[in-house]
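1. Just a sequence and a predicted model for now, questions to come.
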Amino acid sequence: MLNTFHRLGRVKSSLIFGVAAIILSGFPELVNGAQKYISYLGTFIIPLSAVIVVDYLAIKKAALTDNDLIAITSSSFHINKNALSAIILGACFFILIPKNLSPGFLSFLLTSGFYFAMFHFIKTKKAPR
């Protein structure tokens, strides 16, 4: 919350979370039911992590250019369609892989490989100079 609302500050952010936690503790069935929804959100966290790791380490070679930093800090926004499709496919992997085969690890590997391959396929396809 602090990273989203910079003007909020640490103290106000802590107070808001503390009040929210106290209020939610009065509704244990809501908190227990939230576990299911949090696990659904987790389905996307592993593929998202895979895309972030591959994009930074393999594609950007662990270095950000000035243009990357300007794009991050400016209000410009574009959707990385390759990353989005890899995340969606990785979430499908995570859902379809049986629990006894470690779906998190396999989903991470498959998503990483898919995103890396897609990046290189599209890069070579666009640049026949």
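-> Okay, I see it.
2. top helix in the protein by residue count?
-> Secondary structure of the chain per DSSP state H: the longest helix is helix 28-53.
3. starting at the chain centroid, how far to it?
-> 11 Å (C-alpha atoms, centre = their mean, to the nearest Å).
4. After it, which helix or strand is next? Please name it.
-> helix 66-73 (DSSP states H and E).
5. Quick one: mean pLDDT for the helix or strand just after that next one?
-> Later in the chain than helix 66-73, the nearest helix or strand by DSSP H and E is helix 81-96. Averaging pLDDT along helix 81-96 gives 94.
6. The chain should start at 6 in everything you say after this.
-> Got it, the first residue is 6 from now on, which makes the last one we talked about helix 86-101.
7. For helix 86-101, could you pull out the residues that count as buried?
-> 87-88, 91-92, 94-96, 98-99 (16 or more other C-beta atoms under 10 Å). Where you see a C-beta, it was placed from the backbone N, CA and C, and this is true even at glycine.
8. tell me the contacts of the residue nearest the centre of the chain?
-> Residue closest to the mean C-alpha point of the chain, counted by C-alpha atoms, centre = their mean, is residue 53 at 3.2 Å. For residue 53, the contacting residues are residue 92, by C-beta atoms under 8 Å, 6 or more residues apart in numbering.
9. Okay, it and residue 89: tell me how far apart.
-> 10 Å (C-beta to C-beta, to the nearest Å).
10. For this structure, give me the ranges with low pLDDT.
-> Flagging of the chain using pLDDT under 70 yields the residue ranges 6-10, 128-134.
11. what sits against residue 60?
-> 88, 120.
12. State the distance from it to residue 87.
-> Residue 60 is 9 Å from residue 87, by C-beta to C-beta.
13. Give the residues shared as contacts by those two.
-> Common neighbours of residue 60 and residue 87 (C-beta under 8 Å, 6+ apart) are residue 120.
14. returning to that earlier point: with distance to residue 42 as new columns, can the buried residues of helix 86-101 be given to me in JSON lines?
-> Output for the buried residues of helix 86-101, formatted as JSON lines (distance: C-beta to C-beta, whole Å):
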{"residue": "87", "distance to residue 42": "28"}
{"residue": "88", "distance to residue 42": "24"}
{"residue": "91", "distance to residue 42": "23"}
{"residue": "92", "distance to residue 42": "18"}
{"residue": "94", "distance to residue 42": "22"}
{"residue": "95", "distance to residue 42": "19"}
{"residue": "96", "distance to residue 42": "15"}
{"residue": "98", "distance to residue 42": "20"}
{"residue": "99", "distance to residue 42": "16"}
